[in-house]
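Participant: please work out how this folds:
(2 chains)
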Amino acid sequence: MAKINIKINNIPLEVEEGMTILQAAKLIQVDIPHLCYHPDQSVRGHCRVCSVEVVGGRKLMPACATKVWEGMEVFTNTKKVYDTQKLLLEMILANHKQECLTCQRNGNCELQNLSKRFNLTSPKLPNVVEKLPVENNATCIVRDLSKCVKCGRCAKACREFQGIEAISYTGRSSHFKVMSAFGENLEKTDCILCGQCTAACPVGALVEKDDTDKVYEALQDPTKHVIVQVAPAVRVALGDAFGMEKASIVTSKMVTALRRLGFDQVFDTNFAADVTIMEEGTELLDRVQNGGTLPMITSCSPGWINFMEKHYPDQLAHLSTTKSPQQIFGALSKTYYPKVSGIDAKDIVTVSIMPCTAKKYEAARPEMGRDGMKDVDIVLTTRELSRMIATAGFDFAELPDDDFDAPMGIGTGAGAIFGATGGVMEAALRTVYEVATGKELVKVEFNDVRGYEGIKESEVDLNGTKVRIAVAHGLKNARVIMDAVRAGKCDYTFIEIMACPGGCIGGGGQPIKTTVDIKKMRMDALYDIDESLPLRKSHENPQVKEVYDNFLGKPCGHLSHDLLHTTYQKVDKKYTF
Amino acid sequence: MMRDEKGMMTPELRAEIDAILTASGNDGSKLVGILLDIQDIIPMHYIPEEVAYYLAEKLNVKVSNVYDVISFYASLYDRPRGQYPIQMCESIVCGVNDNGFVFATLQEMLGIGLNEATADGKYYLECVPCFGACDVAPAVRVNGKVYGHLNSREKIEAMLAELV
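Facilitator: Numbers count the residues shown, from 1 in each chain, chains lettered A, B, ... in the order given. Below is the predicted model of the structure:
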């Protein structure tokens, strides 16, 4: 890229051609205010809060959408710029439901931050926001369009990351809204509940459904034995919410926090991920050997399952019937755990901490339980857990270390990497290779399936049989794969798909302000965890061996089939023709 | 928001819509024209939700995009109007030719207000910008047909008498 010379606020600097003013200003430590801009999305220039003066320009220009040119002179600090930015903010505030003190995003809101930055202590404009009903009857996502600032980031996330477009632009001028077609409830649209919109929203217009009260209630009930499982991707993201270095590995502090919050046992979803590999790996080998439906596709990501049921219902046979780690843990927590602990299943409350909004929906599925009990009772996102920790007043970064409990607290490195795109594939290969070949896998890393690339392909040699595999993340990429599968134009044997970009580390329930760069750091952190563990293959997990020896029998055996496998159903659109 | 019951799509309506789609080459980029044509043949002159879903499927576009277009253009409606939507011009030439008389008389004769339909769903009153009938102002337009010189009660009655 060619270098060009520009000046910002009279400071000369050399920048790369093609940069925007917003990006260039960061090089001289100036953060131009912005609201609709999101570093991972295409630029839209809706809000104009980033307006700056360019010498020679007739009008102010949006810094997010204007590329620098040779000799450009920019001023970000003139009175005209300041007055314009401030007036724009005042107008946005005038059209925003200001319930800041009781808003889920209080203290973590980009509009609130800008309001503070511009010292908007005495707004001159009256509030004229249209009072619209809050959509809070869904399982996962709450929408309050009166708080919407029309930045369009949610719609872009839905379109650019996922290719779903369940929400889009509607109306014009003062009637402009970002919502679903005909204002339909999200769950009844093409929405697959991944929650990427809630992670993209700068304010509190789209938030996860808060279930923390249910957890407090359970924790305070002396008759209940409350156990918790934590997904792999949470431990490399939770620290972000407490201002720690991005992607810090906070596993042992997190365990301490959960114990001090009052959970009776703190378990690890990584254990269940290892069980998943035993089941899914066995299922794969069975399909290969006995002519089952191939390619087999992973089923850990509930957003992905929703996508298949809604968008590719004719292809459901490709999905592995193995439940997700969350639900495998749930099923064992109400069957195996009561057996070994002597606690009645009816008295057990199973809580999950997940990076994901769709996990709430998964846990609420009617087939995910037995005898009138749900396998997983309550699902909290990483964000909800961070709020509980904040409420408790813990100085999270300074908490001492602690370890998960037995008998469902040991996870291998294979379980840990489930949180990154490609991780389930790699974990499965480590086990499948050894089972299929009977040989020891010396080099456990499968670098071809690692990294942030949208679709990754590779080939594995299993005792002379070449097996083609593919990994995709983000449903836009998944669609490319599924169209090939539907057309019979692919020779893959095994495919891993995660709904969210980056996999669970980029889940819709992760801390606000997750960017691609941060996701990559979280991926690295998960691989670091994997490398640091003594056991890196699921089938070597001693607790997994124990659960099979003393309870389940063999993988994909009768009891496994009953507890750890599920079925999928076509979900019709609102109208079918 | 208006909700539709399923079953709006009769085989006859579907055949008519399919004909419109075929005439436009099943081209999703011609959505505005397609929607206007369909709105003309729907008895209550709007785009029912079920029809929007049908178009999304046939044209391979997202239903949210179809709704984006319907809600963006003032001439497209997402809720039932009437068998005869009476579009009263509110622009300046009709204004200086006393369109206020037309508004008031129609509201009084039909017993409805602006953006309301008569109980039988037959008539619907709405204001629109100029549709180019200034030479015969004050004017209204009903399902594409212009009725001009509406400067007396008799002329308005005669206009309504045509709408049966």
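
Participant: A:Asp40: how many residues sit nearby?
Facilitator: Neighbour count of A:Asp40, defined by other CB atoms under 10 Å in any protein chain shown: 18. C-betas here are computed from N, CA, C, even on glycine.

Participant: ignoring the adjacent residues along the chain, who's closest to it?
Facilitator: Excluding the flanking residues, the one nearest A:Asp40 by CB to CB, 6 or more residues apart in numbering or on different chains is A:Val516, at 5.1 Å.

Participant: would you confirm that the one you found contacts A:Ile505?
Facilitator: No. The criterion here is CB atoms under 8 Å, and A:Val516 misses it with A:Ile505 at 10.8 Å.

Participant: higher neighbour count, these two?
Facilitator: A:Ile505 (32 against 13).

Participant: quick check: the more buried one is in a helix.
Facilitator: Yes. The assignment for A:Ile505 (DSSP: H, G, I helix; E, B strand; the rest coil) places it in a helix.

Participant: correct me, but it touches A:Leu526?
Facilitator: Yes. Applying CB under 8 Å, one finds A:Ile505 in contact with A:Leu526, separated by 6.8 Å.

Participant: need the residues touching each of those two.
Facilitator: Taking CB atoms under 8 Å, 6 or more residues apart in numbering or on different chains as the criterion, A:Ile505 and A:Leu526 both touch A:Ala233, A:Val236, A:Gly419, A:Ala420.

Participant: so the last one sits against A:Gly506, correct?
Facilitator: Going back to what we said before, that points to A:Ala420. No. Assessed by CB under 8 Å, A:Ala420 is found out of contact with A:Gly506, at 9.1 Å.

Participant: show me the contacts for the residue located most distally from the centre of chain B.
Facilitator: Distance to the chain centre peaks in chain B at B:Asn60, reaching 25.7 Å (criterion: CA atoms, centre = their mean). B:Asn60 is in contact with B:Gly28, counting by CB under 8 Å, 6+ apart.

Participant: and it, backbone torsions?
Facilitator: phi 60, psi 50 (degrees, to the nearest 10).

Participant: just the pLDDT for it.
Facilitator: pLDDT for B:Asn60: 95.

Participant: over to A:Thr256?
Facilitator: So, for A:Thr256, pLDDT stands at 98.

Participant: show me what contacts it?
Facilitator: A:Leu399, A:Pro400, A:Asp401, A:Asp402.

Participant: make it 10 Å
Facilitator: A:Val250, A:Val266, A:Phe394, A:Phe396, A:Leu399, A:Pro400, A:Asp401, A:Asp402, A:Asp403 (CB atoms under 10 Å, 6 or more residues apart in numbering or on different chains).

Participant: number of nearby residues for A:Ile28?
Facilitator: 14.

Participant: for residue 8, what are its contacts?
Facilitator: All of this refers to chain A. Counted by CB under 10 Å, 6+ apart, A:Ile8 has contacts A:15, A:21, A:24-25, A:27-28, A:30, A:32, A:52, A:63, A:68, A:72-77.

Participant: look at chain B instead
Facilitator: A:Tyr575, B:Ile42, B:Pro48, B:Glu49, B:Glu50, B:Val51, B:Tyr54.

Participant: low-confidence ranges, chain B, go.
Facilitator: Within chain B, the stretches with pLDDT under 70 are B:1-6.

Participant: which residues of it lie near chain A?
Facilitator: Selection of chain B residues close to chain A by CB under 10 Å from any CB of the partner chain yields B:1-4, B:6-9, B:14, B:47-54, B:56-58, B:61-74, B:78-79.

Participant: tell me the domain ranges of the chain?
Facilitator: No chain was given, so I picked chain A. A:3-91, A:125-208, A:213-564 (automatic domain parsing).

Participant: can you look at chain B instead?
Facilitator: Chain B breaks down into these domains under automatic domain parsing: B:11-72, B:84-162.

Participant: how long is the shortest one from one end to the other?
Facilitator: Counting by CA to CA, to the nearest Å, you get 29 Å between the two ends of domain B:11-72.

Participant: and for stretch A:61-76?
Facilitator: Start-to-end, stretch A:61-76 (CA to CA) is 10 Å.

Participant: so which bits of that stretch are buried?
Facilitator: Under the neighbour-count criterion of 16 or more other CB atoms under 10 Å in any protein chain shown, stretch A:61-76 has A:Met61, A:Pro62, A:Ala63, A:Cys64, A:Ala65, A:Thr66, A:Val68, A:Met72, A:Val74, A:Phe75, A:Thr76 buried.

Participant: farthest pair within these?
Facilitator: For the buried residues of stretch A:61-76, with distances taken as CB to CB, the pair at the greatest spread is A:Ala65 and A:Phe75 (17.3 Å).

Participant: state the number of residues packed around A:Tyr433.
Facilitator: 22.

Participant: check contacts around the residue lying closest to it once chain neighbours are set aside.
Facilitator: Distances taken as CB to CB, 6+ apart place A:Leu441 nearest to A:Tyr433, at 4.9 Å, with adjacent residues excluded. A:Leu441 is in contact with A:Leu429, A:Arg430, A:Thr431, A:Val432, A:Tyr433, A:Glu434, A:Arg536, A:Lys537, counting by CB under 10 Å, 6+ apart.

Participant: nearest spatial neighbour of the last one, skipping sequence neighbours?
Facilitator: Beyond its immediate neighbours in the sequence, the residue positioned closest to A:Lys537 (CB to CB, 6+ apart) is A:Arg430, lying 4.7 Å away.

Participant: element containing the one you found?
Facilitator: Taking DSSP states H and E as the criterion, A:Arg430 maps to helix A:423-437.

Participant: surely A:Ala331 forms part of a strand?
Facilitator: No. A:Ala331 is assigned helix when assessed by three-state DSSP, not a strand.

Participant: show me which of the contacts of B:Met8 are buried.
Facilitator: Buried among the contacts of B:Met8 by 16+ other CB under 10 Å: A:Tyr575, B:Ile42, B:Pro48, B:Glu49, B:Glu50, B:Val51, B:Tyr54.

Participant: of all these, which two lie farthest apart?
Facilitator: A:Tyr575 and B:Ile42 (15.3 Å).

Participant: what distance do you get for the residue nearest in space to the middle of chain A to A:Asp274?
Facilitator: In chain A, the residue lying closest to the centroid (CA atoms, centre = their mean) is A:Gly507, at 0.4 Å. Per CB to CB, to the nearest Å, A:Gly507 is found 20 Å from A:Asp274.

Participant: with A:Gln327 instead?
Facilitator: From A:Gln327 to A:Asp274 the distance is 15 Å (CB to CB).

Participant: where along chain B do the strands fall?
Facilitator: All strands of chain B, identified by DSSP state E, fall at B:84-89, B:123-128, B:140-142, B:145-147.

Participant: and the ones you listed as JSON lines, adding mean neighbour count?
Facilitator: Below are those laid out as JSON lines (neighbours: other CB atoms under 10 Å in any protein chain shown):
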{"stretch": "strand B:84-89", "mean neighbour count": "22"}
{"stretch": "strand B:123-128", "mean neighbour count": "20"}
{"stretch": "strand B:140-142", "mean neighbour count": "21"}
{"stretch": "strand B:145-147", "mean neighbour count": "16"}
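
Participant: for A:Arg373, phi and psi?
Facilitator: Just to correct that, residue A:373 is Met rather than Arg. Torsion angles, degrees, to the nearest 10, at A:Met373: phi -110, psi 140.
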